[in-house]
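In: What follows is a predicted structure for the sequence shown.
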Amino acid sequence: MRAVDIFEEALLPGSVVSVIYDSYSSAWQIPFMLLKRELDRGCFGVISNYNLPFSGLVRHVGVTGFDVREALEGNRLAIIDAFDSRYQTARENIHNVFYLDKVEPETLNPKIDRIYYGPLRELLTGHCVVRLIHTLDGAALLLGEDSTLKLLNHTLALRSLQLPGSVLILGLNMDVVSTKFRAWVVGISDYVLLSDSKLEDNGIKERVYLLRAPYKDFEPAMYSLHTTKNEGIEKLKVKKLSP
């Protein structure tokens, strides 16, 4: 089955979904595939980009079959581009892409709030909303781990009032951050998907573990993960191994 189908039901409104992977795993694609699935169901998406220049993000996400430019132009997606804002790279004048004058821990959240309350307010009204941080380790590198955790705490509290039904997806490369940082992220998450990879003579062997989900009858499960020649959301496939 498709990797996104590990999440068998619609994501619980108001939930936090963490996809945690190592440096060689293909699972970094799963947050974007989840976002695309929810957009195809009629939700509005917001990506907070801490990792790549805008053009690089478009190429990166395109691997998953997600046409970022099309979604932006179609008023199904917005991007808050902290990366380009921080490094003062070339800014493209693109519909629904927002920049900040400065990216500093002390003022970051109020500036993002002004975007949510201002130009995004009408777009968010009447839609289910899915927010994706790409990536949490990228934010930690830009802002520091302690500052990132404090900002995320504030964001969780604020969005629970502003957008109580919105879903937050966190992508996290566990090789980049500390054990303390990873543990905190797991602790605040309703869903936790962990992937690890091993380099072997015949290629990369990957396992995916669904460790947490907000279902009464939930049991942790393990899957094999492999990349196929299919395109888009069909590209990553999993096979259940246990229980």
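Out: Happy to help now that I have it.

In: can you count the residues close to residue 106?
Out: Neighbour count of residue 106, defined by other CB atoms under 10 Å: 9. Using the backbone N, CA and C atoms, a C-beta is placed for each residue, glycine as well.

In: Which helix or strand contains it?
Out: Under the criterion of DSSP states H and E, residue 106 resides outside all helices and strands.

In: Do you know the pLDDT at it?
Out: According to the prediction, residue 106 has pLDDT 93.

In: quick one: it from residue 156, how far?
Out: 19 Å (CB to CB, to the nearest Å).

In: Also residue 49?
Out: 19 Å.

In: Then residue 218?
Out: Going from residue 218 to residue 156 by CB to CB gives 22 Å.

In: The closest residue to residue 189 other than its chain neighbours: neighbour count?
Out: Nearest residue to residue 189, sequence neighbours excluded (CB to CB, 6 or more residues apart in numbering): residue 18, at 4.1 Å. Using other CB under 10 Å, residue 18 is surrounded by 25 other residues.

In: ok, now residue 11?
Out: Other residues close to residue 11 by other CB under 10 Å number 23.

In: Centre of the chain to stretch 49-57, how far?
Out: Once both centres are worked out by CA atoms, centre = their mean, to the nearest Å, stretch 49-57 turns out to sit 13 Å from its chain's centre.

In: can you pull the buried residues of it?
Out: Using 16 or more other CB atoms under 10 Å as the test for burial, stretch 49-57 gives 49-54, 57.

In: Could you pull up phi and psi at residue 7?
Out: phi -90, psi 90 (degrees, to the nearest 10).

In: Would you agree it is in contact with residue 33?
Out: No: counting by CB atoms under 8 Å, residue 7 stays clear of residue 33, with 10.1 Å between them.

In: neighbour-wise, which of those two wins?
Out: The neighbour count for residue 7 versus residue 33, taken as other CB under 10 Å, is higher for residue 33 (24 against 17).

In: ok, residue 237 to residue 30 distance?
Out: When CB to CB is the yardstick, residue 237 and residue 30 sit 12 Å from each other.

In: Neighbour count: these two, which is higher?
Out: Neighbours were counted for residue 237 and for residue 30 using other CB under 10 Å; residue 30 has more, 28 against 16.

In: How about the longest helix seen in the chain, which residues are buried there?
Out: In the chain, taking DSSP state H as the definition, the longest helix is helix 145-162. For helix 145-162, a neighbour-count test (16+ other CB under 10 Å) marks 145, 147-149, 151-152, 155, 159 as buried.

In: on that earlier part again, can you pull the contacts of the residue nearest to residue 189?
Out: 169-170, 172, 185-186, 189, 191-193 (CB atoms under 8 Å, 6 or more residues apart in numbering).

In: Return the member of the residues you listed nearest to residue 232.
Out: Nearest to residue 232 among the contacts of residue 18, counting by CB to CB, is residue 169 at 17.7 Å.

In: Report the secondary structure element holding the closest one.
Out: Assigned by DSSP H and E, residue 169 belongs to strand 167-173.

In: Now do the SS call for the residue nearest to residue 189.
Out: Three-state call for residue 18 (DSSP: H, G, I helix; E, B strand; the rest coil): strand.

In: got it, and residue 223?
Out: Recorded secondary structure, residue 223: strand (three-state DSSP).

In: Check residue 216 too.
Out: Under the three-state scheme (three-state DSSP), residue 216 adopts coil.
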